[in-house]
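Peer 1: this one's structure only:
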């Protein structure tokens, strides 16, 4: 099930896609624009890690996936349009908890964050096969996490 | 880098795709056919977890991905052609180490095994950003594994 999670306070695949959508809307590109922009205020807004519970309401997983796909495509197009130079990568913004953050940190974390959630989605879905794999359980380490 | 791994005796994305290819060639469908076939010999051959080192030699990652894509497509077509019934799912084969294995175990493990390796590929690639994400390192748990 797309909405099965790993227990209390964990996320389902559905929750994670909603979270990724919120990142496309408010995190990576928004922060890159603050860093690259002309305003002297370089402070990022705090990212809402729970926004998806409200924003995804009433949508199917397929709708969320479509939303994510188009938001990501737009954001990659916008990223390209910035024509970022090597020097730009060391420009800074201020994260509300982490302090000084460079553009390089933002863009690298965008990638690593994706990969972390792909691994998480794989694990959440894999675990739903835990009682189906029989004696193979001992070989499939993802089912033991 | 596609060939960067997580240290001694670990696999890179390139190694993993080679391993998945070997699974398509010798594991899941091959074993399903032993279970469903007419031969009284229901023993599976041991799976070679290191075959990719020899078999992938000289191939690019893109070639391996193409190979995997076409092998998987063929295998799913073949799987569909078996017209497996609910009763068939409980037919058995003999795994060289694990003993009695049902068709349901084989098919479920095929899925869970994929997901485990998708998580692994995500982790292996994510870790290559470990020194690039700056202060975000503490938030991206996949980088701490």
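Peer 2: It's in. None of these values were measured; they are calculated from a predicted model.
Peer 1: Could you use CA atoms for every contact and neighbour count after this?
Peer 2: Will do.
Peer 1: From residue A:123, how far out is the nearest residue to residue A:120 once chain neighbours are set aside?
Peer 2: Using CA to CA, 6 or more residues apart in numbering or on different chains and skipping residues adjacent in sequence, the residue nearest residue A:120 is residue B:119, 7.2 Å away. Per CA to CA, to the nearest Å, residue B:119 is found 7 Å from residue A:123.
Peer 1: now residue A:99
Peer 2: Counting by CA to CA, the separation of residue A:99 from residue A:123 is 32 Å.
Peer 1: Comparing those two, which shows the higher neighbour count?
Peer 2: A count of neighbours by other CA atoms under 10 Å in any protein chain shown puts residue A:123 above the other of residue A:99 and residue A:123, at 25 against 12.
Peer 1: ok, that one - contacts?
Peer 2: By CA atoms under 8 Å, 6 or more residues apart in numbering or on different chains, residue A:123 lies in contact with A:142, A:143, B:115, B:116, B:119.
Peer 1: Pick the one among these closest to residue A:81.
Peer 2: Taking CA to CA as the measure, residue A:81 sits nearest to residue B:119 out of the contacts of residue A:123, at 31.6 Å.
Peer 1: Can you tell me the element that closest one falls in?
Peer 2: Following DSSP states H and E, one finds residue B:119 within helix B:103-126.
Peer 1: Could you tell me how many residues sit around the closest residue in space to residue A:126 that isn't next to it in sequence?
Peer 2: Counting by CA to CA, 6+ apart, residue A:126 lies nearest to residue B:112, which is 4.9 Å off, once chain neighbours are set aside. Neighbourhood size, residue B:112 [other CA under 10 Å]: 27.
Peer 1: pretty sure residue B:112 is touching residue A:129, no?
Peer 2: Yes. Counting by CA atoms under 8 Å, residue B:112 does reach residue A:129; the two are 6.5 Å apart.
Peer 1: and the residue of chain A nearest chain B?
Peer 2: Closest approach between chain A and chain B, counting by CA to the nearest CA: residue A:119, at 3.9 Å.
Peer 1: how about that residue, what does it touch?
Peer 2: So residue A:119 contacts B:118, B:119, B:120, B:122, B:123 (CA under 8 Å, 6+ apart).
Peer 1: Name the residues of the worst-scoring helix or strand of chain A on mean pLDDT that are buried.
Peer 2: The helix or strand of chain A with the poorest confidence is helix A:51-55; it has a mean of 93 (mean pLDDT, DSSP states H and E). For helix A:51-55, burial by neighbour count (16 or more other CA atoms under 10 Å in any protein chain shown) applies to residue A:52.
Peer 1: helix or strand right after that helix?
Peer 2: Heading C-terminal from helix A:51-55 (DSSP H and E), you reach helix A:61-81.
Peer 1: ok, residues contacting that next one?
Peer 2: A:2, A:14, A:17, A:18, A:20, A:21, A:24, A:25, A:29, A:56.
Peer 1: State the distance from residue A:82 to residue A:42.
Peer 2: Separation of residue A:82 from residue A:42 (CA to CA): 17 Å.
Peer 1: These two: which has the busier surroundings?
Peer 2: Ranked by neighbour count (other CA under 10 Å), residue A:82 and residue A:42 place residue A:42 first, with 19 against 12.
Peer 1: Nearest the middle, which residue of chain A would you pick?
Peer 2: The C-alpha lying nearest the average C-alpha coordinate of chain A belongs to residue A:20 (CA atoms, centre = their mean; 3.8 Å).
Peer 1: Could you count how many residues lie near the closest residue to that one other than its chain neighbours?
Peer 2: The shortest distance from residue A:20 to any non-neighbouring residue, by CA to CA, 6+ apart, is to residue A:68 (7.2 Å). A count of nearby residues for residue A:68, using other CA under 10 Å, gives 21.
Peer 1: How about the contacts made by residue A:143?
Peer 2: A:123, A:126, A:127, A:130, A:137, B:112.
Peer 1: at 6 Å what do you get?
Peer 2: By CA atoms under 6 Å, 6 or more residues apart in numbering or on different chains, the contact list for residue A:143 reads residue A:127.
Peer 1: how much space is there between it and residue A:33?
Peer 2: Per CA to CA, residue A:143 is found 40 Å from residue A:33.
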